[in-house]
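A.B. asks: Sequence first, then the predicted structure, then my questions.
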Amino acid sequence: DAGITQSPRHKVTETGTPVTLRCHQTENHRYMYWYRQDPGHGLRLIHYSYGVKDTDKGEVSDGYSVSRSKTEDFLLTLESATSSQTSVYFCAISDSTSGSETQYFGPGTRLLVL
Amino acid sequence: QQQVKQSPQSLIVQKGGISIINCAYENTAFDYFPWYQQFPGKGPALLIAIRPDVSEKKEGRFTISFNKSAKQFSLHIMDSQPGDSATYFCAAHNNRKLIWGLGTSLAVNP
């Protein structure tokens, strides 16, 4: 998985609680992405980062926030979890210095909001 | 708005057959078109990719055909094997972001 870890790998939480997912990379890649994957919807971009402290919204950013204080870590926070946020969350990284647009994915976090 | 339309949603092929998955896009600013393969419980992994100045790219049993004028591209899997059973996603790149198709679930029967 290209030096990408995600934690936790599985989480069950209750509606209304905050949840933070962590993505950690050892590749020193500049770009990091958070996606959610749901049946029938494919992969949808939540937020992405193009450098430390530089982030931007994706197509489904409502209810999510992110932070990137170090190159290697990109955190996704569900401010107040809802059942509609039950999903599989993937982190991806991309290296702009090589001119490649390839995104490499982590193993995913399966989140269940009850 | 679905900017990358992928078909079929599911596909069943016999071992040794050819699997064909199609994608169509609208935005002419897209500059890179990858295909990803995903097995259950795993993250997507890059399979093969093409740029719009090339009409075809082949890597082993996998070939991308690209038609710039029609704004379409397709993945061909020759001599399909049971191990190819997975979900396949096409995507298109613009401005450091990928726009994804909805995926095709491929089952190769032994």
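C.D. replies: Yes, it's here.

A.B. asks: where in chain A is pLDDT low?
C.D. replies: A:1-2, A:96-100 (pLDDT under 70).

A.B. asks: Now do the strands in it.
C.D. replies: Shown for chain A, the strands assigned by DSSP state E span residues A:4-7, A:10-13, A:19-25, A:31-38, A:42-51, A:54-57, A:64-70, A:73-78, A:87-94, A:104-105, A:109-113.

A.B. asks: ditto for chain B
C.D. replies: Per DSSP E, chain B carries strands over the ranges B:4-7, B:10-14, B:19-25, B:33-38, B:45-50, B:56-59, B:62-67, B:72-77, B:86-94, B:97-100, B:104-109.

A.B. asks: how close does the residue in chain A that chain B sits nearest to get to B:Leu106?
C.D. replies: Across chain A, the shortest distance to chain B (Cβ to the nearest Cβ) belongs to A:Phe105, at 3.3 Å. Yep, even glycine has a C-beta here, placed from its N, CA and C like the rest. Counting by Cβ to Cβ, to the nearest Å, the separation of A:Phe105 from B:Leu106 is 19 Å.

A.B. asks: for B:Asn94, same thing?
C.D. replies: 27 Å.

A.B. asks: same question, B:Ile18
C.D. replies: 12 Å.

A.B. asks: Next: A:Glu27.
C.D. replies: Counting by Cβ to Cβ - A:Glu27 and B:Leu106 are separated by 29 Å.

A.B. asks: now swap in A:His41 and tell me
C.D. replies: From A:His41 to B:Leu106 the distance is 19 Å (Cβ to Cβ).

A.B. asks: of the two, who's got more company?
C.D. replies: B:Leu106 (21 against 13; other Cβ atoms under 10 Å in any protein chain shown).

A.B. asks: Identify the residue spatially nearest to the more buried one, adjacent ones excluded.
C.D. replies: Among residues not flanking B:Leu106 along the chain, B:Leu11 sits closest, at 5.0 Å (Cβ to Cβ, 6 or more residues apart in numbering or on different chains).

A.B. asks: Next up, the contacts around B:Lys97.
C.D. replies: A:33, A:45, A:48, A:58 (Cβ atoms under 8 Å, 6 or more residues apart in numbering or on different chains).

A.B. asks: Wait, the first one touches A:Glu101, no?
C.D. replies: So that's A:Tyr33. No. A:Tyr33 is beyond contact range of A:Glu101, at 11.8 Å (criterion: Cβ atoms under 8 Å).
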